[in-house]
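>>> okay, here's the prediction I keep looking at, along with the sequence it came from:
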Amino acid sequence: QQQVKQSPQSLIVQKGGISIINCAYENTAFDYFPWYQQFPGKGPALLIAIRPDVSEKKEGRFTISFNKSAKQFSLHIMDSQPGDSATYFCAARMGSGSRLTFGEGTQLTVNP
Amino acid sequence: DAGITQSPRHKVTETGTPVTLRCHQTENHRYMYWYRQDPGHGLRLIHYSYGVKDTDKGEVSDGYSVSRSKTEDFLLTLESATSSQTSVYFCAISGDRRGEQYFGPGTRLTVT
């Protein structure tokens, strides 16, 4: 019930391609779904987030698609660049204190 | 890193010794969190705090304790370190905008 399942574990994309990372959840009490980006040796940083009353949110080359009935959401990175190479985590908020439950992470490599 | 520092940044310690990690923030945020990050497990919440002297357990709290005597400081203590606690530890903070957490640079702990 508390889990957020993320796939794939790793992803290799060519420069200019589309990167797609998927997450699924079970707990319908989740009400906020952020994505975090982490570069090696750094802490995760908030990238983009969505609430379940919206089916899509776009910020630059990054888009979240949300399917409430399927309890799934995904991150799309358009025109992927080598600088996008990082680990991406999906997450879901539940409970008090803004606790987040994180997915296992996806290591994205964008080849030049 | 949103005014968050962690100390030490690296530590090697022996099994059975106590270890204390410190998180310090300059943002005056109410919520503070300790996570551990391990390959294949993403970020797992150890403990969190929702105010001075107000703390609660996360999903992997066994073997860890925390204290928060001031708004700006959140301490994580491994009472008797074990090899399974070798990990990278991240502190995070959040304010009124729930779900938006800001992470520190991390502490790499090795227990030999």
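All right, it came through fine.
>>> use CA for all of it now, contacts and neighbours both
Will do.
>>> do the longest strand anywhere in chain B and chain A meet?
In chain B, assigned by DSSP state E, the strand with the most residues is strand B:42-51. Yes. Between strand B:42-51 and chain A, judged by Cα under 8 Å from any Cα of the partner chain, the touching residues are B:42, B:43, B:44, B:45, B:49, B:50.
>>> and if you look at stretch B:90-106?
Yes. Shown here: stretch B:90-106 in contact with chain A (Cα under 8 Å from any Cα) through B:90, B:94, B:98, B:99, B:100, B:101, B:102, B:103, B:104, B:105, B:106.
>>> quick one: buried ones out of the residues you listed?
When these are checked for burial by 16 or more other Cα atoms under 10 Å in any protein chain shown, the buried set is B:90, B:94, B:99, B:100, B:101, B:102, B:103, B:104, B:105, B:106.
>>> using the three-state scheme, assign the residue nearest to residue A:42 when sequence neighbours are not counted.
What sits nearest to residue A:42 in space, not counting adjacent residues and going by Cα to Cα, 6 or more residues apart in numbering or on different chains, is residue B:105, at 5.3 Å. Three-state call for residue B:105 (DSSP: H, G, I helix; E, B strand; the rest coil): coil.
>>> isn't residue B:105 right next to residue B:6, touching?
Yes. Between residue B:105 and residue B:6 there is a contact under Cα atoms under 8 Å: 6.7 Å.
>>> where does chain B dip in pLDDT?
The model of chain B has pLDDT under 70 over residues B:1-2, B:96-99.
>>> what does chain A give?
Using pLDDT under 70, the flagged stretches of chain A are A:1-2, A:95-98.
>>> which residues of it lie near chain B?
Going by Cα under 8 Å from any Cα, the residues of chain A near chain B are A:32, A:34, A:41-46, A:89, A:93, A:97-105.
>>> which ones among the residues you listed lie within strands?
Among those, the members that lie in strands (by DSSP E) are A:34, A:45, A:46, A:89, A:93, A:100, A:101, A:102.
>>> burial measure for the third one, as a count.
Same thing as residue A:46. Residue A:46 is flanked by 19 other residues according to other Cα atoms under 10 Å in any protein chain shown.
>>> mind listing what it touches?
A:34, A:35, A:36, A:37, B:100, B:101, B:102 (Cα atoms under 8 Å, 6 or more residues apart in numbering or on different chains).
>>> nearest to chain A: which residue in chain B?
residue B:42 (3.9 Å; Cα to the nearest Cα).
>>> in the sheet, who's paired with that residue?
residue B:38 (DSSP bridges).
>>> contacts only, for it.
A:89, A:102, A:103, A:104, A:105.
>>> so which residue is smack in the middle of chain B?
Note on chain B: the residue nearest the mean C-alpha position is residue B:34, at 2.9 Å, using Cα atoms, centre = their mean.
>>> not counting its neighbours along the chain, what's nearest that one?
residue B:91 (4.7 Å).
>>> what's the helix or strand for the one you found?
Element membership for residue B:91, per DSSP states H and E: strand B:87-94.
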